[in-house]
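> here is my input, please return the structure:
(chains A and B)
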Amino acid sequence: MHPLVAPWSEAWPGAQLAWSRFVRLRAPLLCEHSKQADKEGLRGGIAMIRLDDHRVVIDLTQIQALGLDGFPTEILAHEIGHHLFVPADLSDHGRLLVRVRRGLPGHEGEAPLIANLYADLLINDRLQRQAELDMAGVYRQLVKPPKDAGKTSPSALWQLYLRIYEQLWRLPKGDLNSEPLDDVGEGDALLGAELIRVYANDWLRGAGGFAALCLPYLMADKQRQPPGQVDKLMDLDEVSGAGGMPDGLAEIEDDEAAVHPADDPKINPERQSGKEQEGDGDSPAQTSGKPKAQSKSKPGGGQRRSPFEYGQILKQLGLDLSATDVAARYYSELARRHLVRFPQRIAPESTEPQLEGTEPWQPGEPLEQIDWLESLLRSPVVVPGYTTVQRTYGHTQGSLPERTPVDLDLYVDCSGSMPNPQQAFSAITLAGAIVCLSAFKAGAKVQATLWSGAGQYQSTPGFVRDKQAVLRVLTGYLGGSTQFPLNVMRDTYDAAKRLSRPVHLLVLSDSGVDTILGSDERGNKGTDLLRRCLARAGGGMTLALNVHQNWKPKRLMDVAQELKIAVHRVQSWDDLVAFARAFSQASYADEGPGQTKPRKVQ
Amino acid sequence: MKISGPPLEALLRRLADTPAEWLHPPSTAGFEGLSVAALLSDYFDSLGLAPLSEPEVARFDAAKPKQSGWLSLSALILWLLHDAHLQAHCDEKATPELRRVLLNWLSGPLQQRAAHLNAESAVRTAQGREELSRQLLAGLGLRPDGETQAQAQARLQACDSIERARLVEAANAANERARKLREAMARKAAQEAAMKYNRE
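Model (predicted):
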């Protein structure tokens, strides 16, 4: 057994106590070999905490090599700090990165490093000053140059970082940072130390300011080599990448602005009085009479970041996602606050379910519908979608009216006039996501089709309950000419022998919608196809169009009137989002059976 | 700072417990309030030293109203000097030299410090309490009990509001330059994003 296993295990209760006597985490994984540490997820660091199972992982071999044998409580408590204090969870880690990025214009790629330095400062300061652990001792050990180290020029950023510790803990100059700083560096270190203290209990608000403080040092550094092996304790990039998805990053919060600590009256009161005397009311810190960092954190009035930036943040969180998955997540998050019950219709009588057997359970269907006993009897190894089954029921006549969700057949225009939803915000994609997710919420199935020129379309494999499949289609991009996919509509309803539920057709488009009256590749006229499909669908049709108010092509209007197709005009793509919300809200519930026209939206 | 003085904690505690009367507005030219000259004179008297002369009294009680911040700090210093440890030390060293040192320190370094540290902060904030206590000890050539000379010097500098103001001013000037750079970079990033969007 490794000689450090016993003393480090004994230090575990003390490390938890440094935060609270109520902390009860699983015992740490003390890896006796670096290979084992790699296997547990440590990527060259000495320690980390995994956010998915809240397990601290320590590489004892490296600990010994760095001479940190005598700091078990300090290092274990530091890792616990990432779970209990900063960043605590993946969502707050994402919010931290967002704020840090705002303070680093042009250097956003360095946000993970700066976020890590900031988190470590906050954690270590609390442990040193409140828990009275010897964090300074850990850094004294880490700054020692390795024996085989050549001569390197010092990194300005790391010098500032270590000097901030010296200021925070009133250490003699040069105790950690061997290179003296000039007056500007000393002033910045002072401001950095005060920022850590001022925002210790509200650390998200100080993050942008800390990044702004570090920016000139990032720019000055020709290389980022830290003194000694201080970077071995950098572990924030290793805590992420697991433990689910962060939430709430698609919208901009109103306190994200980065206020440099020199401009923040909470940190530098002289600056405020000086500015007041000069009558300068336009400084970043004073644009609203108080620093933006002081205002309450809340979503920024519906402002959203671009899908591209959203993807960059997820990437920096260590989440390995494709551009499509990022876009799907983005629109799903934006759509969430618009979700309402999807239209349902009252059928004449409800029925009593009667068990008839089982059928395959597919991913995307409610988890609770899996018949575990039957699934395990079929195969002891569960493979979702293959060995999983759910019960099927027949129905006997009941006595009460039943609410039936209306399935949705959605056609989203994705011609060259639309933005690529993976690069820039696309209102039409968000509108589609709102309607589809509302439909899922009500238990309906959705078929989503993205269309552009003739033969250019992407579609879900029929009506599905798989949210991801639908969002993947909606967030795709075609960007060609314009031709409504009459063949998709035709095949959908011709192929269906009997629709189990009524289907509502919804088309989100602009003036290019008039191609619906053209002919399909077999020469069938659009009007005839519409008539046939709507009769089979039985749930009506709506066209939501971004066109000017007077756009009323006679032929299309005549067909719409004849087939009772609801036509809604919006003046901008953003209005389409409001339409989607209203459409989802409009309920069929109060209407009598047999009526197919949806309630008017506007 | 060669001589080990009282423990710092005792002085910090004493400052935190300063009675409200010691924080009353001080007497200045044209305003009658807390007489710092009287307090100082009494203090010297208690040490068996010569009380303040007329010109020395005038230096305090006839000070300009804008010097009231300095006078309030002086009153706090006198409150601190009545700490048992310091009283014992000053009793032992009660010589005209001590009187001269103390008067010079109050009129010189403490007066300069008053531009950066006010009496309210020196009582209410931990940093202010530490600064005033350490400055007094340094003025008397003492260091806090339990600290080495190097530690005491480093900590004295770390909580020196005059030095802080100088360094922060340097950082402010650098920040002004950095701010312009940041704004230019943010503009450039926005332009690039817009161009990218337009291309697509």
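
> contact partners for the residue in chain B that chain A sits nearest to?
Of all residues in chain B, the one sitting closest to chain A is B:Ala171 (2.9 Å; Cβ to the nearest Cβ). The C-beta positions use only the backbone N, C-alpha and C, and glycine is treated the same way. Listed by Cβ atoms under 8 Å, 6 or more residues apart in numbering or on different chains, the contact partners of B:Ala171 are A:183-184, A:187-188, A:190-191, A:262.

> any idea how far A:Asp514 is from A:Ser572?
Separation of A:Asp514 from A:Ser572 (Cβ to Cβ, to the nearest Å) stands at 20 Å.

> of these two, which one has the most company?
A:Asp514 (19 against 10; other Cβ atoms under 10 Å in any protein chain shown).

> find the centremost residue of chain B, please.
By Cα atoms, centre = their mean, chain B has its centre lying nearest to B:Leu132, at 4.2 Å.

> was I right about that residue contacting B:Ala122?
Yes - with contact defined as Cβ atoms under 8 Å, B:Leu132 and B:Ala122 form a contacting pair (4.4 Å).

> which neighbours do those two have in common?
Residues touching both B:Leu132 and B:Ala122 by Cβ under 8 Å, 6+ apart: B:15, B:73, B:76.

> reformat those residues as TSV; add secondary structure and pLDDT.
Output for these, formatted as TSV (DSSP: H, G, I helix; E, B strand; the rest coil; pLDDT from 0 to 100):
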residue	secondary structure	pLDDT
B:Leu15	helix	96
B:Leu73	helix	96
B:Leu76	helix	97
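
> count of residues packed around the residue lying closest to A:Glu365 once chain neighbours are set aside?
Setting aside the residues directly before and after it, A:Glu365 is nearest to A:Arg465 in space (Cβ to Cβ, 6 or more residues apart in numbering or on different chains), at 5.4 Å. Counted with other Cβ under 10 Å, residues neighbouring A:Arg465 total 17.

> what about the longest helix in chain B?
Counting residues, the longest helix found in chain B (DSSP state H) is helix B:161-199.

> can you list the buried residues in it?
B:161, B:163-165, B:167-172, B:174-175, B:178-179, B:182, B:185 (16 or more other Cβ atoms under 10 Å in any protein chain shown).

> now that helix: how far from the chain's centre is it?
Computed by Cα atoms, centre = their mean, to the nearest Å, the chain-centroid distance of helix B:161-199 equals 34 Å.

> in chain A, what helix or strand scores lowest on average pLDDT?
Sorting the helices and strands of chain A by mean pLDDT, DSSP states H and E puts helix A:269-278 at the bottom, at a mean of 56.

> once you drop chain neighbours, what's closest to A:Ala262?
Using Cβ to Cβ, 6+ apart and skipping the chain neighbours, the partner closest in space to A:Ala262 is B:Asn175 (4.3 Å).

> that neighbour touches A:Ile267, doesn't it?
No - B:Asn175 sits out of contact with A:Ile267 when judged by Cβ under 8 Å, with a separation of 11.8 Å.

> what strand or helix carries the closest residue to chain B within chain A?
Proximity of chain A to chain B (Cβ to the nearest Cβ) peaks at A:Gly187, 2.9 Å away. According to DSSP states H and E, A:Gly187 maps onto helix A:183-198.
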